[in-house]
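1. Pasting a predicted model and its sequence here:
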Amino acid sequence: MTIPESSLLQGRTAMITGAASGIGRAVAAHYLAAGARVVVADLSPRAAEIAGELGADGGVVLDATDEDAVDAAVAAATEMLGRIDVLVTSHGILTQSPMVDMSLALWQETLSVDLTSVFLLNRAVLPGMLGQGGGRIVNVASQLGIKGGESLAHYAAAKAGVIAMTKSLALEVSSRGVLVNAIAPGPIETPMLDGIDDEWKRAKRAELPLGRFGTADEVAPTAVLLASDPGGNLFVGQVLGPNSGDVMP
């Protein structure tokens, strides 16, 4: 993985969830290359080890669906970094089921991991960001939250919720210096896609104007942009779509 060095995020501090793999790990690597100090958070017990591999300031094991665990992780990250300037929520799960066969347990698990946890994390960093007079929140949603997806109603609903929450929070706090935005990637070649069958993936590739899925390294620069100064300064409640042309707002 080749990441161009820069100083776009020099002096910024960031907490990034889901940083053990996929988009979260790529964002952490790009943030570090751009000069940020980073704490990685992940459900994986290897969070601290992964932080060491990346050269981050630290790692915390986090169950983002647990309110107390979220508050403790944010407090730990704040202690490690001194302050949190940027939060990136990049964790999540992706499963597949037609709605007629979908259990309530599967629906609730997806909403808990992919939506409620994002609320908990956003809420937990706000006191610090508002107190210091500014910050950036980047919530990773999905283009399916805009257009829906066959056999993915639970996932699409959760990501649509992330988008609506992002816009609502942006209206609440942008005047106080906290800029909140979302990234809605298309299908990205990450371990998250392992739970989706090959037939769905073949059909999806065929309908994309670009003709292929993206990579995590192609998404991460969008997260860098939204956290940067002056590049990200005018983005308020926006949904940026590195999605291979699947959605064209």
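-> Now that the structure is in, tell me what you want to look at.

2. Tell me which residues of stretch 149-161 come out buried.
-> 149, 151-161 (16 or more other CB atoms under 10 Å). All C-beta spots, glycine's among them, are computed from the backbone N, C-alpha and C.

3. Contacts for that stretch next, please.
-> Stretch 149-161 is contacted by residues 94-99, 102, 106-107, 110-111, 113-115, 141-142, 144-148, 184, 200 when judged by CB atoms under 8 Å, 6 or more residues apart in numbering.

4. The top helix by length along the chain: what's the following helix or strand?
-> In the chain, with assignment by DSSP state H, the single longest helix is helix 153-173. Per DSSP states H and E, the first helix or strand lying C-terminal to helix 153-173 is strand 178-183.

5. what's the next secondary structure element after that next one?
-> That would be, after strand 178-183 and using DSSP H and E, helix 198-207.

6. Now that following helix - C-alpha only, CSV.
-> Only the C-alpha atoms of helix 198-207 are listed here, as CSV (Å, rounded to 0.1, in the frame of the first residue of the first chain):
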residue,chain,number,x,y,z
ASP,A,198,-21.1,-14.3,-5.2
GLU,A,199,-24.3,-14.0,-7.3
TRP,A,200,-25.2,-10.7,-5.7
LYS,A,201,-21.6,-9.4,-6.2
ARG,A,202,-21.6,-10.4,-9.9
ALA,A,203,-24.9,-8.6,-10.5
LYS,A,204,-23.7,-5.5,-8.6
ARG,A,205,-20.5,-5.2,-10.6
ALA,A,206,-22.4,-5.5,-13.8
GLU,A,207,-24.7,-2.5,-13.0
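
7. What mean pLDDT does the next helix-or-strand element following it get?
-> Following helix 198-207 in sequence order, the next helix or strand is helix 216-227 (DSSP H and E). Per-residue pLDDT over helix 216-227 has a mean of 97.

8. who touches helix 216-227?
-> Identification of contacts with helix 216-227 by CB under 8 Å, 6+ apart yields 1, 3, 8-9, 12, 14, 22-23, 25-27, 29-31, 34, 36, 85-86, 88, 136, 138, 140, 179, 181, 183, 185, 188-190, 231-232, 235, 240, 242.

9. are any of those buried, and which?
-> Judged by 16+ other CB under 10 Å, buried ones among the contacts of helix 216-227: 3, 8-9, 12, 14, 22-23, 25-27, 29-31, 34, 36, 85-86, 88, 136, 138, 140, 179, 181, 183, 185, 188, 190, 232, 235, 240, 242.

10. tell me, what residue is most central in the protein?
-> S90 (2.6 Å; CA atoms, centre = their mean).

11. Now do the same contact list for it.
-> Counted by CB under 8 Å, 6+ apart, S90 has contacts 16-19, 22-24, 27, 140.

12. Cool, thanks, signing off.
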